[in-house]
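1. Mind looking at a prediction? Sequence and model below.
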Amino acid sequence: MEFVMKQALGGATKDMGKMLGGDEEKDPDAAKKEEERQEALRQEEEERKAKYAKMEAEREAMRQGIRDKYGIKKKEEREAEAQAAMEANSEGSLTRPKKAIPPGCGDEPEEEDESILDTVIKYLPGPLQDIFKK
């Protein structure tokens, strides 16, 4: 039956024979062809990666130009500067960093006290002013 089918189908007999469970023909160069195919796939993958790496480098150059133009820092740079500032502030300290003193607090307290005292004395009656001036 297989013989009759092969004759009827002509050139497609090899494929039909394989589908019907017939003996497969061994390709002596199959291993070599598979190796070449794998090498071609690896080469295409490397070319694709190189292409996308080049595109990303161009994008990064454009981003850096924008950062330079507008004075923007990279996120990594900002974080590094903030970390360095925290380390510099807390160097040699075992406790949390001190809060900054607001302006006007603790600045020249003696002059402020004198000026406030002088202001109060101005509003006192004459005999009390003489007492405080001594």
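-> Looks like it came in fine.
2. residues near residue 75, how many?
-> 8 (other CB atoms under 10 Å). Any C-beta I mention is one placed from the backbone N, CA and C, and that applies to glycine too.
3. Count the neighbours of residue 38 for me.
-> With other CB under 10 Å as criterion, residue 38 counts 10.
4. That one: what secondary structure?
-> helix (DSSP: H, G, I helix; E, B strand; the rest coil).
5. Show me where the chain dips below the pLDDT cut-off.
-> Counting by pLDDT under 70, the chain has low-confidence residues at 1-26, 89-100, 102-114, 134.
6. Helices along that one, start to end?
-> Using DSSP state H, the helices found in the chain span residues 2-9, 13-19, 30-70, 75-90, 109-122, 126-133.
7. which one of the ones you listed lies closest to residue 101?
-> Of all the helices of the chain, the one in closest proximity to residue 101, counting by CB to CB, is helix 109-122 (12.4 Å).
8. Dump the helices of the chain to TSV, plus distance to residue 101.
-> Formatted as TSV, these follow (distance: least, CB to CB, whole Å):
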stretch	distance to residue 101
helix 2-9	97
helix 13-19	89
helix 30-70	33
helix 75-90	14
helix 109-122	12
helix 126-133	31
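9. just these: most buried one?
-> Burial among the helices of the chain, expressed as mean neighbours by mean count of other CB atoms under 10 Å, is greatest for helix 13-19, which shows a mean of 13.
10. Name the residues that touch stretch 68-76?
-> 66-67, 81 (CB atoms under 8 Å, 6 or more residues apart in numbering).
11. So residue 133 sits against residue 124, correct?
-> No. The pair residue 133 and residue 124 fails to qualify as a contact (CB atoms under 8 Å) at a distance of 10.1 Å.
12. about what we covered before: of the contacts of stretch 68-76, closest to residue 40?
-> Distances from residue 40 to the contacts of stretch 68-76, taken by CB to CB, are shortest for residue 66, at 39.5 Å.
13. how far away is the residue nearest to the closest one when sequence neighbours are not counted from residue 63?
-> Among residues not flanking residue 66 along the chain, residue 72 sits closest, at 7.2 Å (CB to CB, 6 or more residues apart in numbering). Distance, residue 72 to residue 63, by CB to CB, to the nearest Å: 9 Å.
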